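Trainee: have a look at this fold, sequence not included:
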Ligand code: SIN
């Protein structure tokens with residue numbers, strides 16, 4: 001395989017590999033290292049059915065079955081459908097997944113390692129792809145933090161809550177998703193993780209906070225926690241840390257969730273169809289004992 005780095009804060013394209021075939025150990029290691037180094041990698045021109053996407057994703061760790069239990073492939077519940085398309089008047093997928101800055105599964109006891117998305121239908125307007133996915137580099141965001149803040153937050157933890165993003169989508173973005181049930185809330189209670197993680201691939205520190213799910217720095221008084229979180233959210237989303245993936249049909253886009261945060265841009269209309277299959281890989285290999 002051939003790795004072509006992007007000329008931006010992160011990202012690379014990997015050519016000359018067929019993800020429908022099982023990975024060799026050497027290919028696995030190369031992809032894992034590329035994820036650590038570039039954060040986001042894309043594999044163009046992939047032809048995968050739901051099972052093949054599941055099998056490729058599963059090579060990297062245990063797969064999450066989304067707690068909302070909506071819109072997954074009928075045969076493979078680990079494969080979720082993200083789409084604004086309707087069939088017989090009914091949505092075939094979750095139409096508003098990830099439409100603000102966040103990190104998947106920071107709200108879980110065992111956090112996420114990677115997301116793997118396969119672009120089946122990508123909306124286009126005037127020759128340009130819509131529904132781009134944007135990323136920010138959390139290795140760089142950590143490194144640039146003021147030394148005094150690094151020292152203050154060292155050893156502290158943040159509470160992450162799945163319901164925070166879910167309710168924000170309902171309240172602020174007009175999402176039609178129903179409120180989480182008591183049972184869903186019980187299965188995903190708020191959890192705490194370190195503010196700074198040592199990244200298991202690079203061995204470097206990353207800022208592990210995100211505007212979608214981070215609610216409170218546990219060891220600080222409430223007012224100071226709010227002030228610091230507001231600073232961290234503004235800091236980590238600066239343009240200088242960004243890479244924007246412009247989708248082409250057939251792309252498999254894979255990113256690791258510890259050294260990045262991401263945002264799905266909803267700039268397409270209901271009649272401009274987008275269809276993506278998604279698997280979420282947990283970091284159970286790297287953190288067998290959750291924090
Ligand atoms: C996600 O947050 O996993 C969805 C990203 C996208 O649809 O572009």
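Mentor: Arrived safely, thanks for sending. Remember, predicted model here, so these are calculated numbers, not experimental data.

Trainee: tell me the mean pLDDT over stretch 27-45?
Mentor: Per-residue pLDDT over stretch 27-45 has a mean of 97.

Trainee: just the buried residues of it, please?
Mentor: Of the residues in stretch 27-45, 27, 30-32, 34-43 count as buried by neighbour count, 16 or more other C-beta atoms under 10 Å. C-beta coordinates here come from the backbone N, C-alpha and C atoms, glycine included.

Trainee: can you tell me if that stretch touches the ligand.
Mentor: No - no part of stretch 27-45 sits close enough to the ligand to count as contact by C-beta under 6 Å from any ligand atom; the gap is at least 11.3 Å.

Trainee: where's the residue of the chain positioned farthest from its centre relative to residue 71, distance?
Mentor: Relative to the C-alpha centroid of the chain, counting by C-alpha atoms, centre = their mean, residue 88 is the outermost residue, at 30.3 Å. From residue 88 over to residue 71 the distance is 15 Å, taken as C-beta to C-beta, to the nearest Å.

Trainee: next one: residue 105
Mentor: Residue 105 sits 17 Å away from residue 71, going by C-beta to C-beta.

Trainee: these two: which has the busier surroundings?
Mentor: A count of neighbours by other C-beta atoms under 10 Å puts residue 105 above the other of residue 105 and residue 71, at 25 against 18.

Trainee: how about the contacts made by that one?
Mentor: Residue 105 makes contacts with 64, 111, 112, 257, 280, 282, as judged by C-beta atoms under 8 Å, 6 or more residues apart in numbering.

Trainee: number of residues surrounding residue 136?
Mentor: What residue 136 shows, counting by other C-beta under 10 Å, is a neighbour count of 27.

Trainee: nope, residue 219 is what I was after
Mentor: Applying other C-beta under 10 Å, we find 14 other residues in the vicinity of residue 219.

Trainee: how about the nearest residue to it, chain neighbours excluded?
Mentor: Using C-beta to C-beta, 6 or more residues apart in numbering and skipping the chain neighbours, the partner closest in space to residue 219 is residue 156 (4.5 Å).

Trainee: so the one you found makes contact with residue 195?
Mentor: Yes - judged on C-beta atoms under 8 Å, residue 156 makes contact with residue 195 at a distance of 5.0 Å.

Trainee: among these two, which residue is more densely surrounded?
Mentor: With other C-beta under 10 Å as the criterion, residue 156 and residue 195 differ in neighbour count, and residue 195 comes out ahead with 26 against 16.

Trainee: now the buried residues of stretch 27-45 as a markdown table including secondary structure?
Mentor: As requested, those are exported to a markdown table (DSSP: H, G, I helix; E, B strand; the rest coil):
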| residue | secondary structure |
| --- | --- |
| 27 | helix |
| 30 | helix |
| 31 | helix |
| 32 | helix |
| 34 | helix |
| 35 | helix |
| 36 | helix |
| 37 | helix |
| 38 | helix |
| 39 | coil |
| 40 | strand |
| 41 | strand |
| 42 | strand |
| 43 | strand |
